[in-house]
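> Generate coordinates for the sequence data below:
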Amino acid sequence: MNPDQRERTERERAGRILPPAPCPAPAPGRMEARRAHLLSEIDRTTRSRSPSLPVPVSRTERPRRAWGLAVGAAVAVGAAVAVFGVGSGSPTAPASVRPASTASVQLLERAALAAAASPRTTARAGQYTYVRTVGHTSVLSETRTGDMRLLREDAGMEEWTSVDGSEPTLRRKNGVDALLPGGAPGRGSLNDPTYAFLDALPTDPGELLERIGADAELNHGAGSDSTTGPHQEAFVTIGGLLRQGAAPPATTAALYRAAALIPGVDVVPDAVDAAGRRGVAVARTHDGERTEWIFDRSTARFLGERTVLLEDNAWGPSGAVVTSIALTGSGIVDAAGRTP
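Numbering: from 1, shown residues only. Take a look at the predicted model:
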């Protein structure tokens, strides 16, 4: 199949999966300009990766507030526990990965347009971003006798994060409040973002992906002991930033468009989030696991994320949903403990 035939096939597939756009289709010349920009950004991002980047001595672990958890290990009461989460897998990727599919690019653009059109809330110092989630993660536990048990853990919670990182994060889970230590006031990071950090990110998709990709390449590229790999890590990182729920609209739109530049991104026509809401998903498959971002089919609003096994392994049989977390509430509030 030549490139033109492949594109026609992709467009027909996108037309079957996605509902009609809520606005008129852009002029052909504008579509060609967007296509040229997309291809040039993919090429620029690929060429910008340097094989001589420094390799960290040890792996950088994600903080406990991030949902994109990697496989880790902990020892408690004589039992080893590995926490499975979104995006874990092998750093070894195929030598050539196809660009994001036409259907995924179109869905991500719809999500970007919807985000950009939402009203911007100006966050002030002293305020908090509020996020409410429901769902589960999976825990693989090894007992003293060497037997392995797969356990499901509740991931439902509410969190209040200081917009500038100046106050500890309040987490409420099962009716119990806990304060999480924060980072340096006013800073934040890709793995532990604040509203102020998200607001300061570049809104050009290419620049944004270059920044995310540099971090992913440094900590998850060739020569590291990462179990993820840079492409998948970039996808997981963007997913983690999207799940903040109350990010500035321009940042959210840029994140969706940056995701469209990652090779291997595709669409899953039917997916259900942890709250039971059915939608369409943007997904990326890595090492037998498919990470899905689920969107409302009509509004392209982000609903949640899940990880589905595509082959049998220690975490379960093919088809098992080992991690599923839905975003059910978000906003900006004046004090920790309040809701929008």
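
> Show me where the chain has its helices.
Assigned by DSSP state H, the chain shows helices spanning 3-17, 28-48, 102-117, 195-200, 205-220, 230-242, 249-259.

> in the fifth one, what's buried?
For helix 205-220, the buried set under the neighbour-count rule, 16 or more other Cβ atoms under 10 Å, comprises 205-206, 208-210, 212-220. (Each C-beta comes from the backbone N, C-alpha and C, glycine too.)

> by how many degrees do it and helix 249-259 diverge?
Angle of helix 205-220 versus helix 249-259, following axes from the mean of the first three to the mean of the last three Cα atoms, to 10 degrees, is 70 degrees.

> For Pro248, give me its contacts.
By Cβ atoms under 8 Å, 6 or more residues apart in numbering, Pro248 lies in contact with Arg120, Tyr195, Leu198, Asp199.

> Hmm, Thr129 and the second one touching each other?
Yes. Here Tyr195 lies in contact with Thr129, judged by Cβ atoms under 8 Å, at a distance of 5.2 Å.

> overlap in contacts of these two?
Residues touching both Tyr195 and Thr129 (Cβ under 8 Å, 6+ apart) are Ala123, Thr161, Val163, Gln244, Ala246, Ile332.

> which among these gets closest to Leu310?
Set against Leu310, the nearest of these by Cβ to Cβ is Gln244 (28.0 Å).

> And the closest one, how far from Arg290?
23 Å (Cβ to Cβ, to the nearest Å).

> So for the two, which sits in the more crowded spot?
A direct count of neighbours by other Cβ atoms under 10 Å for Gln244 and Arg290 places Gln244 higher, at 22 against 17.

> residues touching the closest residue to that one other than its chain neighbours, list them.
Once flanking residues are discounted, Gln244 sits nearest to Pro193: 6.1 Å by Cβ to Cβ, 6 or more residues apart in numbering. For Pro193, the contact set (Cβ under 8 Å, 6+ apart) comprises Gly240, Leu241, Gln244, Ala247.

> Least reliable of the helices of the chain by average pLDDT, please.
The stretch with the lowest mean pLDDT among the helices of the chain is helix 28-48, at a mean of 51.

> so where is the stretch 51-200 of the chain shaky, pLDDT-wise?
For the stretch 51-200 of the chain, the stretches flagged by pLDDT under 70 are 51-95, 182-184, 186.

> What segments of it are strands?
74-76, 79-84, 128-142, 148-154, 157-162, 169-173, 176-180 (DSSP state E, counting those that start in this stretch).

> Need the winner for burial among the ones you listed.
A comparison of the strands of the stretch 51-200 of the chain by mean neighbour count, using mean count of other Cβ atoms under 10 Å, puts strand 157-162 on top with a mean of 22.

> what sits against the nearest residue to Ala283 once chain neighbours are set aside?
Of all residues not flanking Ala283 in the chain, Glu292 sits nearest, at 4.4 Å (Cβ to Cβ, 6+ apart). If you count contacts by Cβ under 8 Å, 6+ apart, Glu292 has them with Val268, Ala271, Ala281, Val282, Ala283, Glu305, Arg306, Thr307, Val308.

> Wait, the last one touches Glu289, no?
I take that to be Val308. Yes. Val308 lies in contact with Glu289 (Cβ under 8 Å); the separation is 7.2 Å.

> Setting aside sequence neighbours, what's the nearest residue to Asp177?
Leu170 (6.2 Å).

> so what's the one you found up against?
Tyr128, Glu159, Trp160, Asp177, Ala178, Leu179, Leu180, Ala336, Gly337.

> same thing but 7 Å
Residues in contact with Leu170 (Cβ atoms under 7 Å, 6 or more residues apart in numbering) are Glu159, Trp160, Asp177, Leu179, Ala336, Gly337.

> Check what pLDDT the fifth one gets.
If I follow you right, that is Ala336. You'll see Ala336 listed with a pLDDT of 96.

> and it, how many residues sit next to it?
Neighbour tally, Ala336, other Cβ under 10 Å: 21.

> change the start of the numbering to 39 and stick with it
OK, 39 is where the count begins now, so the last one is Ala374.

> Could you measure from it over to Ala163?
14 Å.

> Over to the fourth one?
In this structure, Leu217 lies at 19 Å from Ala163, with Cβ to Cβ as the measure.

> which non-adjacent residue is nearest Ser200?
Leaving aside its chain neighbours, Ser200 sits nearest to Tyr166 (5.8 Å; criterion: Cβ to Cβ, 6+ apart).

> ok, now which ones touch the one you found?
Tyr166 touches Trp198, Thr199, Ser200, Val201, Val371, Ala373, Ala374, counting by Cβ under 7 Å, 6+ apart.

> And it, how close does it get to Lys211?
As judged by Cβ to Cβ, Tyr166 and Lys211 stand 17 Å apart.

> ok, now Ala272?
29 Å.

> Check Leu146 too.
Look at Leu146 and Lys211: by Cβ to Cβ, they are 32 Å apart.

> Many thanks, have a good one.
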